[in-house]
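Chemist: only the shape, not the letters, is given here:
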């Protein structure tokens with residue numbers, strides 16, 4: 001495995017927006033070749049939560065998402081606040097978006113969204129034995145419909161198009177083997 005890093009020769013911000021920043025980097029490859037404009041996209045890091053209840057059902061949210069331009073099934077998720085730890089963000093998002101809590105949390109992994117452009121880091125979690133709790137106030141602009149589905153239906157949704165968002169699909173796919181064990 002090659003451990004040779006690219007050297008950043010220079011960088012300049014070409015777009016700054018509250019949701020993302022685009023920086024053009026001039027990079028020198030280990031071979032010595034220089035690429036003058038390599039785009040790096042930086043968005044806020046986020047969490048995704050696969051929540052399972054006592055009955056072994058999975059919590060899904062259904063809502064219109066502007067990225068895929070359609071209604072999709074998705075999991076609880078959201079951005080980390082500045083200085084917030086990923087598991088704390090996952091607990092907060094489960095309360096804010098669905099009004100549930102869990103005392104059994106398992107990390108499913110931490111992943112960079114785009115291996116070439118960076119984007120952000122996704123922190124994925126499994127929350128077992130989720131139970132109703134007092135819902136926190138949320139400033140989400142999305143109107144979601146939460147519901148509990150059987151694990152088998154969640155697995156089918158990975159392949160039949162009901163889940164259009166990669167972060168939800170990946171978190172669910174990582175959790176399913178643990179849920180069936």
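Modeler: Received it, and whenever you're ready, just let me know what you need. In this text, all values refer to a predicted model and were calculated from it rather than measured experimentally.

Chemist: tell me what the longest strand seen in the chain is packed against?
Modeler: For the chain, the longest strand by residue count, based on DSSP state E, is strand 118-132. Other helices and strands packing on strand 118-132, by 3 or more CB pairs under 8 Å, 6 or more residues apart in numbering; DSSP states H and E, are strand 34-43, strand 46-53, helix 86-98, strand 100-101, strand 104-114, helix 166-180. Placement of C-beta: from N, CA and C, glycine included.

Chemist: so for it, what's the average pLDDT?
Modeler: The average pLDDT within strand 118-132 is 96.

Chemist: strand partners of it, parallel vs antiparallel please.
Modeler: Sheet pairing here is set by DSSP bridges, and for strand 118-132 it gives strand 34-43 (parallel), strand 46-53 (parallel), strand 100-101 (antiparallel), strand 104-114 (antiparallel).

Chemist: relative to helix 86-98, how tilted is it?
Modeler: Following axes from the mean of the first three to the mean of the last three CA atoms, to 10 degrees, one obtains 60 degrees for the angle between strand 118-132 and helix 86-98.

Chemist: after strand 118-132, next one along is what?
Modeler: Beyond strand 118-132 in the direction of the C-terminus, DSSP states H and E gives the next helix or strand as strand 145-149.

Chemist: what strands flank that next one, and is each parallel or antiparallel?
Modeler: Strand 145-149 is paired, per DSSP bridges, with strand 58-65 (antiparallel).

Chemist: tell me the SS of the residue in the chain sticking out farthest from the centre?
Modeler: Most distant residue from the mean C-alpha position of the chain: residue 32, 35.3 Å away (CA atoms, centre = their mean). With DSSP: H, G, I helix; E, B strand; the rest coil as the basis, residue 32 sits in coil.

Chemist: so it versus residue 6, what's the distance?
Modeler: When distance is defined by CB to CB, to the nearest Å, residue 32 is 11 Å away from residue 6.

Chemist: tell me which of the helices and strands packed on strand 118-132 is the most buried.
Modeler: The highest mean neighbour count among the helices and strands packed on strand 118-132, using mean count of other CB atoms under 10 Å, belongs to strand 46-53: a mean of 25.

Chemist: residues in contact with that strand?
Modeler: With CB atoms under 8 Å, 6 or more residues apart in numbering as the test, strand 46-53 has contacts from 58-59, 75-80, 86, 89-90, 93-94, 98, 100, 102, 108, 120-131, 148, 151, 167-168, 170-172, 174-175, 179.

Chemist: let's see 7 Å
Modeler: Outside strand 46-53, the residues that touch it by CB atoms under 7 Å, 6 or more residues apart in numbering are 58-59, 75-80, 86, 89-90, 93-94, 100, 102, 120, 122-128, 130, 148, 167-168, 171-172, 175, 179.

Chemist: quick one on the thing from earlier: among the strands paired with strand 118-132, which comes closest to residue 143?
Modeler: Nearest to residue 143, of all the strands paired with strand 118-132, is strand 100-101, at 18.0 Å by CB to CB.
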